[in-house]
Each structure stands twice: as structure tokens, then as C-alpha cells.
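# Mind folding the following:
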Amino acid sequence: MLDTDGDGSLGAWVEPGQPADARKDTRLAVSIYAVMPSPADGSVWGSVAFRYPGAIVRFDPRTHLSEIYNVPLPGFGVRGADIDRNGVV
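Numbering: from 1, shown residues only. As a prediction, this is how the structure comes out:
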């Protein structure tokens, strides 16, 4: 879930493919390839490999919210990924 309403908490949301609503969060529809728990803060990172270009997703289990990091084109085809105490590498 992306915090697209900016309130810092999980609330009502719109489904993928529905029009954006600034008053609601947005549900992500991604397939995670590599899953990496962060020893620094307990978040869970994942590489999104089954679309082009790839992306990295960070999920915070305390808030149940996610962030997605896309790269500019031409992009990349993510597969495996790893994490250390400083972040995703």
C-alpha cells in the first residue's frame, strides 16, 4: 500500500488500475522476486522483476505502508538483490 494521501497511516485505498484519489492510499500490484529483511529498521525490501523497467519496494511492517523506487528509462531488469546494514545493494 502506498501512502498517497500523505497521512502516514493505512486507510481507505484505491485498487490498481482505478483512478487516483488524493484522499486515499493506493494498493500496489507487484510481484516480488528477491525478499530482503533490513537489520537496520526491520523493514522488508524486495526487487520487482516481473515488469520492465524493474523497481525496488520497501515495506514497513509497523505501518503496513510501502514505498516504491523506480528508475528512469532505459531502466533495468532486476533479478536478485541483497541488503546490508546500510541499505539495498
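# Now do the helices in this structure.
Taking DSSP state H, the chain contains no helices at all.
# Which residue lies nearest the spatial centre of the protein?
Of all residues in the chain, the one closest to the mean position by CA atoms, centre = their mean is V57, 2.7 Å from it.
# I'd like to know how far that residue sits from R23.
When CB to CB, to the nearest Å is applied, the distance between V57 and R23 equals 23 Å. Glycine gets a C-beta too; all of them are placed from N, C-alpha and C.
# Next: L10.
In this structure, L10 and R23 are separated by 14 Å, where distance is defined by CB to CB.
# Can you get me a residue count around S43?
Other residues near S43 number 18, with proximity taken as other CB atoms under 10 Å.
# For it, give its distance to A20.
Applying CB to CB, the value for S43 to A20 is 25 Å.
# And for P53, the neighbour number?
For P53, the count of nearby residues is 14 (other CB under 10 Å).
# need the contact list for the spatially closest residue to it that is not a sequence neighbour.
If the residues on either side of it in the chain are set aside, P53 comes closest to G75, at 2.1 Å by CB to CB, 6 or more residues apart in numbering. Applying CB atoms under 8 Å, 6 or more residues apart in numbering to G75 gives the contacts Y52, P53, G54.
# ok, so what distance separates R58 from I32?
From R58 over to I32 the distance is 11 Å, taken as CB to CB.
# Identify the contacts common to those two.
When contacts are counted by CB under 8 Å, 6+ apart, R58 and I32 have no shared neighbour.
# follow-up on the earlier one: out of the contacts of G75, who's nearest V71?
Of all those, P53 has the smallest distance to V71: 5.9 Å, by CB to CB.
# before we move on, the earlier item: may I see the contacts of G75 arranged in TSV, with distance to R27 as well?
Conversion of those to TSV gives the following (distance: CB to CB, whole Å):
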residue	distance to R27
Y52	21
P53	21
G54	20
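# Identify, from those residues, the entry nearest to P37.
Scanning the contacts of G75 for proximity to P37, where the rule is CB to CB, the winner is G54, at 19.8 Å.
# Number of residues surrounding that closest one?
Residues near G54, counting by other CB under 10 Å: 19.
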